[in-house]
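In: Just the structure for this:
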Amino acid sequence: MVVSFIVPPEISSENPAERTAGCTRMVYPMPNIYELIVAAVLENAGYDVRYIDCVMEKKQWRDFDRFLSKDDSRVYLLWTVNLSIETDIEAAKLIRSKRPDAFVLFLGPGATYFTDKFLLDDKMMVVRGEPEDTVAELIECFHSERDVDNVKGLSFLKDGQICRNPTRPLIRDLDRLPFPARHFIEKYPYSNPKLKVHPYTTVLTSRNCPYQCIYCVPSSLTFAREIEFKAAKGHKPPVSSRSVENVVAEIDELASKGYKSIAFIDDNFIVSAKRLRPICDAIKKHGLLWGCQARVDAITDEIASILGDAGCCFVDLGVESFNDEILAYIKKGITRDDIFRGINLLKKYKVPVKLNILIGTSPLETEQTIKETLKESMKLGVSQVMFNIVAPFPGTEFYELALKNDWIVGGHYVPTDVQRHSILNYPNLSTQQMTRLLYRNNMSFFLRPSFIWLHIRKFRSWHDFVTAFKALKIKLFG
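Out: Here you go, the predicted structure:
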């Protein structure tokens, strides 16, 4: 049985949705290892698995149409985030017109939350939350022609009625999952402007985050996991982590296949020095360039020393604001002093820092607090700052607050690119003000001569310069 993972062409005139982080449009392409883990599970089960990324292959809608006219897949899988909902539904309709007997499965947070939108007929189904075990069981049902009534984590239509099967228990032993089937994407030219060397890939060593930030949209796999778990249990799911030995084995495998750089995309990669040290030893052994995401309060002198010794090329720190009242309101769990302490420790060991800052995370935000945040960011001398506008994502506490207080323009959520637009309107800070300040902050930070000179010196090739320039152009101007 042929099972095909599909990334359809973007149907709108905008950049394609970025499906890994899941909350922006694409600035530079990232490999979606989440669906590649599912692909590996199905390959190990003996199915004929294929992977078609129309975005990376620069295929247009007419090319997708021609492909489907000749294709013989029995099952199509689409990884859906909020910004891809419209595109993915249109892709499913086209699949149905060309392949009337095929099954179409939607995975990811967009489908997990907005389930009913995707159930257009009895062969279009939604795999909610963590997908690996549900997809494996479901494909076996198709193969053996059994009904799907008892497949946990599945929503589907039956006799015109929506059936929502019980939630599937979380995968706690992540070591039993195979490594992502990266051989499907080796032909695609992925690169990361922060690492400036390729072949490049991403690695996930854990799922979810224990903290309670009210606005937080974690990476798309863990957000799907969180949405489904919250719906069943009423609170965030526990964190699941791979063993250090399993992570090191993947690093060794990637190095043996010629990969030169890795971005760890855990919501919180740094947990303890005990876990970090052997992973960094494996990275050092192979001379890989790498970076990760972390909380500022996870950075100790020992942690910073380990990162510096392992040649860490960047640490993404989510700080959002330098205002203690705002940080407390959004339940960030850190203070202004924590931010400065963490950054200074990383700078002490020459670890480049990237700050992630969200404009408008609370009604306490004003033009003045946003200007102060930019001023502090410029003084810190960090490598990069990513400014975005917070969005009230359904499934978050912030969404409920925004609905209750009528902060959402038009009264209901509309998928929006947080790098570009706002759908919020506070009494003391308007949509237009936030959008204007976002643009101003980006221009002020990224077009400084000191920033440009710092990064030009780091390019190793003309290709790396062009990649970074394109990413910056998209970031600033769309």
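
In: Asn150 reaches Cys163, doesn't it?
Out: No. Here Asn150 does not reach Cys163: they are 10.8 Å apart, not a contact under Cβ atoms under 8 Å. Where C-beta positions appear, they are placed from N, C-alpha and C, glycine not excepted.

In: Those two: who's more crowded?
Out: For Asn150 versus Cys163, the count of surrounding residues by other Cβ atoms under 10 Å is larger for Cys163: 15 against 11.

In: Give me the three-state assignment for the more buried one.
Out: Under DSSP: H, G, I helix; E, B strand; the rest coil, Cys163 falls in the strand class.

In: so what secondary structure elements neighbour the host helix or strand of Cys292?
Out: Per DSSP states H and E: Cys292 is located in strand 289-294. In terms of contacts (3 or more Cβ pairs under 8 Å, 6 or more residues apart in numbering; DSSP states H and E), strand 289-294 is packed against strand 261-264, strand 312-318.

In: If you count neighbours, what's buried in the helix or strand following the shortest one?
Out: Meaning strand 261-264. Using DSSP H and E, the helix or strand that follows strand 261-264 in sequence is helix 273-286. Buried residues in helix 273-286, defined by neighbour count with 16 or more other Cβ atoms under 10 Å: Arg275, Leu276, Ile279, Cys280, Ala282, Ile283.

In: what does helix 273-286 contact?
Out: 205, 241, 244, 247-248, 251-252, 255, 262, 270, 290, 300, 302-303, 306-307, 309-312 (Cβ atoms under 8 Å, 6 or more residues apart in numbering).

In: Okay, and which of the residues you listed map to strands?
Out: Among those, the ones falling in strands (DSSP state E) are Ser241, Ile262, Trp290, Cys312.

In: Let me see the confidence value for the nearest residue to Cys312 once chain neighbours are set aside.
Out: In space, and not counting its chain neighbours, Cys312 is closest to Val351: 5.1 Å by Cβ to Cβ, 6 or more residues apart in numbering. In this model, Val351 is scored at 97, pLDDT.

In: rewinding a little: which of the ones in strands among the contacts of helix 273-286 sit farthest apart?
Out: Ser241 and Cys312 (19.5 Å; Cβ to Cβ).

In: So between those two, which is more surrounded?
Out: Neighbours were counted for Ser241 and for Cys312 using other Cβ under 10 Å; Cys312 has more, 23 against 18.

In: so what's that one bridging to?
Out: Beta bridges link Cys312 to Trp290, judged by DSSP bridges.

In: can you offset everything so residue one is 190?
Out: Okay, using 190 as the starting number, the last item reads as Cys501.

In: That one and Ala413, how far apart?
Out: Distance from Cys501 to Ala413, counting by Cβ to Cβ, to the nearest Å: 29 Å.

In: go on, Gly549?
Out: With distances taken as Cβ to Cβ, Gly549 is found 25 Å from Ala413.

In: Over to the closest residue in space to Ser432 that isn't next to it in sequence. Which of the three states is it?
Out: Among residues not flanking Ser432 along the chain, Asp364 sits closest, at 5.4 Å (Cβ to Cβ, 6+ apart). At Asp364 the chain is in helix, as set by three-state DSSP.

In: can you map out the helices along the stretch 240-389 of the chain?
Out: 250-259, 274-287, 298-302, 321-333 (DSSP state H, counting those that start in this stretch).

In: Which secondary structure elements does the third one sit against?
Out: Other helices and strands packing on helix 298-302, by 3+ Cβ pairs under 8 Å, 6+ apart, are helix 274-287, strand 313-316, helix 409-422.

In: and this protein, what are its domains?
Out: 191-353, 378-666 (automatic domain parsing).

In: now do the same end-to-end measure for the first one.
Out: Taking Cα to Cα, to the nearest Å, the span from the opening residue of domain 191-353 to its closing residue is 26 Å.

In: Return the distance of it from the chain's centre.
Out: In terms of Cα atoms, centre = their mean, to the nearest Å, the centre of domain 191-353 is set 17 Å apart from its chain centre.

In: what's the spacing between the closest residue to Asp455 other than its chain neighbours and Leu613?
Out: Closest residue to Asp455 apart from its sequence neighbours, by Cβ to Cβ, 6+ apart: Ser395 at 4.8 Å. Between Ser395 and Leu613 the distance is 31 Å, computed by Cβ to Cβ.

In: Neighbour count: these two, which is higher?
Out: Between Ser395 and Leu613, counted using other Cβ under 10 Å, the more crowded position is Leu613 (24 against 19).

In: Now render the ones in strands among the contacts of helix 462-475 as JSON lines, adding distance to Leu225.
Out: Below are these laid out as JSON lines (distance: Cβ to Cβ, whole Å):
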{"residue": "Ser430", "distance to Leu225": "19"}
{"residue": "Ile451", "distance to Leu225": "15"}
{"residue": "Trp479", "distance to Leu225": "19"}
{"residue": "Cys501", "distance to Leu225": "25"}
